[in-house]
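Sequence and predicted structure below; questions after.
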2 protein chains.
Amino acid sequence: MPNDRLSTTFAALADPTRRAILARLISGECSVGELAEPFDMSLPAVSKHLRVLERAGLIAQRRDAQWRRCRIEAAPLKLVADWAERYRHTWEERLDRLDEYLGEMKTKEKSHGRKQRRK
Amino acid sequence: MPNDRLSTTFAALADPTRRAILARLISGECSVGELAEPFDMSLPAVSKHLRVLERAGLIAQRRDAQWRRCRIEAAPLKLVADWAERYRHTWEERLDRLDEYLGEMKTKEKSHGRKQRRK
């Protein structure tokens, strides 16, 4: 298992429950119980996901009386966005080619339609 | 192992060799041999990484005579960028708070320096 920062972040994000937890934390700090609510999951199972997110630096946990409260730490998500951004020209080029192709198909269809009507 | 699209993409990206392969493919199609060159890795090991990338839809492979050629498929990377972008305000808010804090520290330091000089 590689343990560079970006690999740890990507591995932590490779799970829909962990991404849903992060999405929930956008609106502010939550207790572990509040985080577990929407999931059909035991508290220990949620805690395990939280540990993975914490190890990746994506959340921070703190004690507040008898509660454990979590908040999002977005710095690693900036790394992910910056990393993906380097490929923007690649997908934009691809979408441009697709647009071009669809444009050509439309032109061909129109001219074919005209020919059909002339018959 | 979750098998939703985004999880498969993140899992495939959670490895520095696979990310290096994608970076190499930005500049255009490559044979498997060319891709293997910069890594101290056997061809079968590289092929295994390529299969993971292919399954995640991040590359496509085609036969060209006796060569296997790979090209990048950036559509899943757009999904990653779009996903991370939703958290932009979270990390920007954080950086703003850090800026504010550093600004306050600077002001305190200056006023402390002035007091020191007055003594």
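On my side now, so go ahead.

For chain A, just list every one of the strands.
With strands called from DSSP state E, chain A shows them at A:30-31, A:59-64, A:67-72.

Same list (those strands) but as CSV, adding mean pLDDT.
CSV is the format used below for the strands of chain A (pLDDT from 0 to 100):
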stretch, mean pLDDT
strand A:30-31, 93
strand A:59-64, 94
strand A:67-72, 94
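
Of the ones you listed, which is nearest chain B?
Among the strands of chain A, the nearest to chain B by C-beta to the nearest C-beta is strand A:67-72 (5.9 Å). C-beta: built from backbone N, CA, C; applies to glycine.

any idea how far the closest one is from the chain center?
Distance, stretch centre to chain centre, for strand A:67-72: 21 Å (C-alpha atoms, centre = their mean, to the nearest Å).

any idea which helix is longest in chain A?
As assigned by DSSP state H, the longest helix anywhere in chain A is helix A:88-118.

In terms of secondary structure, what does that helix contact?
Helices and strands touching helix A:88-118, as assessed by 3 or more C-beta pairs under 8 Å, 6 or more residues apart in numbering or on different chains; DSSP states H and E, comprise helix B:75-85.

Which positions in the longest helix of chain A come out as buried?
A:Thr90, A:Trp91 (16 or more other C-beta atoms under 10 Å in any protein chain shown).

could you give the angle of it to strand B:67-72?
100 degrees (axes from the mean of the first three to the mean of the last three C-alpha atoms, to 10 degrees).

returning to what we had before: in a markdown table: the strands of chain A, plus distance to A:Gln116 and mean neighbour count.
Below are the strands of chain A laid out as a markdown table (distance: least, C-beta to C-beta, whole Å; neighbours: other C-beta atoms under 10 Å in any protein chain shown):
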| stretch | distance to A:Gln116 | mean neighbour count |
| --- | --- | --- |
| strand A:30-31 | 62 | 17 |
| strand A:59-64 | 61 | 13 |
| strand A:67-72 | 58 | 18 |
